[in-house]
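*Asks:* using only what follows, build the 3D model:
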Amino acid sequence: MKFLETAIAGVKVIEPRLFGDSRGYFFEAYRKDLFAGAGIDARFIQDNESFSTGGVLRGLHYQIPPYTQAKLVRVVSGRVLDVVVDIRLGSPTFGKHVAIELSGESKRQLFLPRGMAHGFAVLSPEAVFVYKCDNFYCPASERCIRFDDPALGIDWRLPPETVKLSPRDRRGVLFKDAELFEEY
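*Replies:* Here you go, the predicted model:
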């Protein structure tokens, strides 16, 4: 397994080692000792899966304390642009983002520590997205930042007028109005 640093401290791309032959493939998606050796010591307690059609954009979501979440995300099938925004007050990369393409073909994963807003845009006709969380989902603690906030300058690689959003994501707030917290 390779653990690659990104422009945001704590956000890592994980490239698993694939073993394949004419029958198919095998890889370890998570192994506690290797992750700990790369500085990832999250204790995952919830797994989630979502299916989305092309053009769907989910996010930018996060939870406020005490329900903040670290996540390990990957795509089982299809392709997505995964975006992580650093919302940790005091962080040197506060307000910055990284965008990484994840796909069922590449098997790449992305780890995001607590204190990140997260979203993804489906670039293929459909996608299955799975992720592990180190804290439970709490609807009362969930917040959403607008995907198209000009202050963030995220290129989602989808025409904004064709993006498919949930009603909750349509009600997202601008980054300047987001409820943030000391997590750094």
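
*Asks:* residues in contact with the most centrally placed residue in the chain?
*Replies:* Central residue of the chain (Cα atoms, centre = their mean): residue 118, 4.6 Å from the mean position. When contacts are counted by Cβ atoms under 8 Å, 6 or more residues apart in numbering, residue 118 touches 59, 60, 61, 62, 71, 73, 82, 83, 84, 85, 112. All C-beta spots, glycine's among them, are computed from the backbone N, C-alpha and C.

*Asks:* point out where this structure drops to low pLDDT.
*Replies:* For the chain, the stretches flagged by pLDDT under 70 are 183-184.

*Asks:* show me where it has its helices.
*Replies:* 32-37, 167-170 (DSSP state H).

*Asks:* and of these, who's closest to residue 134?
*Replies:* Taking Cβ to Cβ, helix 32-37 is the member of the helices of the chain nearest to residue 134, at 11.5 Å.

*Asks:* of the helices of the chain, which is nearest residue 2?
*Replies:* It's helix 32-37; of the helices of the chain, that one is closest to residue 2 (Cβ to Cβ) at 10.1 Å.

*Asks:* which parts of the closest one are buried?
*Replies:* residue 35 (16 or more other Cβ atoms under 10 Å).

*Asks:* neighbouring contacts of that helix?
*Replies:* Against helix 32-37 from outside (Cβ under 8 Å, 6+ apart): 1, 28, 41, 42, 111.

*Asks:* show me which of these are buried.
*Replies:* For the contacts of helix 32-37, buried by 16+ other Cβ under 10 Å: 1, 42, 111.

*Asks:* can you pull the contacts of the second one?
*Replies:* Yep, that's residue 42 we're talking about. 35, 70, 72, 111, 113, 132, 134.

*Asks:* that concludes my questions; thank you for your assistance.
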